[in-house]
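Engineer: below is the sequence, then the predicted model.
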Amino acid sequence: MINTSSAKNAFKKVTGKAQKVLHRSLDQHVKLAVTGLSGSGKTAFITALVKHLTTQAEHKNLPFFDVMREQRHIASKIVPQEALKVPTFEYQNALNALFPLEGGVPKWPASTERINTLRLAIKYQSNTGLRGHFSPQSTLYLDIIDYPGEWLLDLPMLEQSYHQWCNQQYPLLLQMPRVKTSHAFLDALEQLDLNTPVDESLLAHISQLYQQMLVGLKKDTKLAMLQPGRMLMPGDLQGAPLLLFFPVNINNDTVVEGSNLAHLIKRFNAYVKEVVKPFYNEHFKHFDRQIVLVDVLSTLNEGHETLKEQSSVINQLLAHFSYGESGFFKRLFKPNIDKILFAANKSDHISAKHHKDLALLLDSLVHEQSNQLKFDGVQIETMAMSSIAATQPRQVTDKGQTLDCIYGKPLNEQDWLTYLPPQPPNRMLNMNEWPAQGFEFLSFSPMPTPDKQLKHIRLDHVMQYLLGDKLS
Ligand SMILES: Nc1nc2c(ncn2[C@@H]2O[C@H](COP(=O)(O)OP(=O)(O)O)[C@@H](O)[C@H]2O)c(=O)[nH]1
Ligand SMILES: [Mg+2]
């Protein structure tokens with residue numbers, strides 16, 4: 001008797017172990033990268049994503065997310081991250097801002113300007129094949145990596161020499177809209193002789209003017225193509241020589257040793273090698289999925305030039321995602337990314353019947369390159385969404401007409417407002433099609449939420465696209 005039962009126990013142990021091994025091999029990992037220019041809504045997106053997978057993980061909140069609809073989601077929680085060098089996404093701080101204590105006013109979480117991460121373990125019941133048959137439940141480890149889109153925009157620099165970079169960047173400074181603010185920098189540049197022995201303090205001074213110009217352009221025009229990206233949010237690199245460079249007007253290829261030009265080249269190369277490349281090697285090439293948040297409505301507010309630049313930057317970037325034979329990444333890094341989502345964020349700033357227009361507009365911006373990417377096997381999609389809806393739809397009847405308005409509290413205002421937002425165009429407009437009065441979309445404060453439940457627009461579609469197949 002004793003023998004049999006101990007044999008049984010041993011057998012149980014073995015099967016238990018085998019099951020554990022099986023489990024482990026069936027557990028999956030996904031690295032989801034979240035990017036977008038600062039202010040595009042990365043922090044709000046990650047907060048909403050985590051909230052909806054943890055304390056709001058219900059079918060009614062995410063009807064188009066299969067794992068929820070099919071009631072196979074068991075539970076998700078934040079677990080310790082594996083990347084110990086990367087700061088942790090401050091989820092609790094974000095919640096504290098959105099759900100203040102009794103009497104407080106909800107605020108948008110403070111923006112962060114660095115890479116950060118968070119790991120979620122998502123436990124679910126599998127519905128297909130091997131996983132469904134053998135394992136009662138599976139776990140998907142989801143690493144969410146939030147990084148400034150400004151860093152991504154440095155990507156083309158990896159393939160450029162300083163001369164090529166200058167030839168691309170310098171002429172832009174003489175055109176609208178940059179020329180409005182580039183005077184101080186261009187005037188100072190006049191004093192610089194490229195061929196004389198290096199004058200470090202002059203280079204530092206001109207770099208400072210260049211940085212001020214970039215920061216001003218970023219703030220006032222929302223232009224996308226501002227390089228080097230770290231000048232916009234330098235962190236520890238502020239003042240480091242490798243960040244003290246700028247584009248100049250180069251006419252010939254001769255470089256005098258020890259000259260100002262020689263030093264500018266050296267710094268440019270150091271920036272690419274020591275800042276841009278490590279980011280791609282340590283982070284970028286490990287990403288599996290990428291969501292790019294685009295604040296299309298703010299771009300429309302800025303005008304035609306900004307929208308056009310947004311489009312050209314997106315396409316320039318996408319060209320670098322290509323896996324094709326000539327694909328830049330293929331040669332340099334061999335990336336993993338197999339799905340990219342461009343999301344026109346903050347769609348709660350317009351009425352629901354125009355969401356489709358917003359998605360079509362973004363699609364038309366991405367269009368140029370998406371065909372090549374699809375051909376190379378990368379899935380690419382565009383959607384209009386809102387991570388945290390800050391308005392409610394309201395129908396208003398005016399002179400017998402029903403108007404689809406939105407209701408909310410405009411940012412930095414005291415009073416609530418019912419308002420009819422403009423309709424965004426459903427494709428890229430050229431200059432003479434642009435409305436004379438331009439566009440003016442308002443921004444809103446987050447809604448008070450007595451039930452501590454966030455509302456979204458199509459976050460479930462986004463989750464299904466990015467994670468659905470990993471949770472089947
Ligand atoms: N209405 C609305 N506003 C949003 C949403 N997401 C972000 N915002 C606004 O955009 C600002 C910047 O968002 P944030 O997540 O900090 O952007 P980040 O710099 O990319 O992390 C916020 O302070 C909000 O004003 C959204 O889903 N709906
Ligand atoms: Mg942020």
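Structural biologist: Yep, that arrived. Ligands and ions are numbered 1, 2, ... in the order given.
Engineer: nearest to ligand 2: which residue in the chain?
Structural biologist: residue 43 (3.4 Å; C-beta to the ion). Glycine gets a C-beta too; all of them are placed from N, C-alpha and C.
Engineer: got the contact list for stretch 298-312?
Structural biologist: With contacts defined as C-beta atoms under 8 Å, 6 or more residues apart in numbering, stretch 298-312 is touched by 39, 176-177, 221-225, 294, 296, 346, 365, 368, 424-425, 428-431, 434, 438-441, 443.
Engineer: if we use 6 Å, what do you get?
Structural biologist: 177, 221, 222, 223, 224, 225, 365, 431, 434, 439, 441 (C-beta atoms under 6 Å, 6 or more residues apart in numbering).
Engineer: what's the nearest residue to the fourth one if we skip its chain neighbours?
Structural biologist: I take that to be residue 223. Using C-beta to C-beta, 6 or more residues apart in numbering and skipping residues adjacent in sequence, the residue nearest residue 223 is residue 217, 5.2 Å away.
Engineer: what's the answer for the last one, then?
Structural biologist: Distances taken as C-beta to C-beta, 6+ apart place residue 297 nearest to residue 441, at 4.2 Å, with adjacent residues excluded.
Engineer: hmm, back to that, from the contacts of stretch 298-312, which are also near ligand 2?
Structural biologist: Among those, proximity to ligand 2 is found for none (C-beta under 5 Å from the ion).
Engineer: just the buried residues of those.
Structural biologist: Neighbour-count burial (16 or more other C-beta atoms under 10 Å) applied to the contacts of stretch 298-312 gives 177, 221, 222, 223, 224, 225, 365, 434, 439, 441.
Engineer: out of those, who's nearest ligand 1?
Structural biologist: Lowest distance from ligand 1 to the buried ones among the contacts of stretch 298-312 (C-beta to the nearest ligand atom) belongs to residue 441, with 10.0 Å.
Engineer: contacts only, for the closest one.
Structural biologist: Residue 441 touches 297, 301, 349, counting by C-beta under 6 Å, 6+ apart.
Engineer: is the first one in contact with residue 348, as I believe?
Structural biologist: No. In this structure, residue 297 sits apart from residue 348 without contact. The criterion is C-beta atoms under 6 Å, and the distance is 10.1 Å.
Engineer: what residues does the stretch 51-200 of the chain put near ligand 2?
Structural biologist: So far as C-beta under 5 Å from the ion goes, the stretch 51-200 of the chain lies against ligand 2 at 111, 112.
Engineer: residue of the stretch 51-200 of the chain closest to ligand 1, please.
Structural biologist: Nearest to ligand 1, among the residues of the stretch 51-200 of the chain, is residue 108, at 3.1 Å (C-beta to the nearest ligand atom).
Engineer: could you look up the SS state of that residue?
Structural biologist: Secondary structure state of residue 108, per DSSP: H, G, I helix; E, B strand; the rest coil, is coil.
Engineer: secondary structure element holding the closest residue to residue 178 other than its chain neighbours?
Structural biologist: Nearest residue to residue 178, sequence neighbours excluded (C-beta to C-beta, 6+ apart): residue 172, at 5.6 Å. Taking DSSP states H and E as the definition, one finds residue 172 inside helix 162-173.
Engineer: still on that earlier bit, how far away is the residue nearest to residue 178 from residue 243?
Structural biologist: In this view, residue 172 and residue 243 are 20 Å apart by C-beta to C-beta, to the nearest Å.
Engineer: near ligand 1, which residues of the stretch 201-350 of the chain show up?
Structural biologist: With C-beta under 6 Å from any ligand atom as the criterion, the stretch 201-350 of the chain comes near ligand 1 at residues 345, 346, 348, 349.
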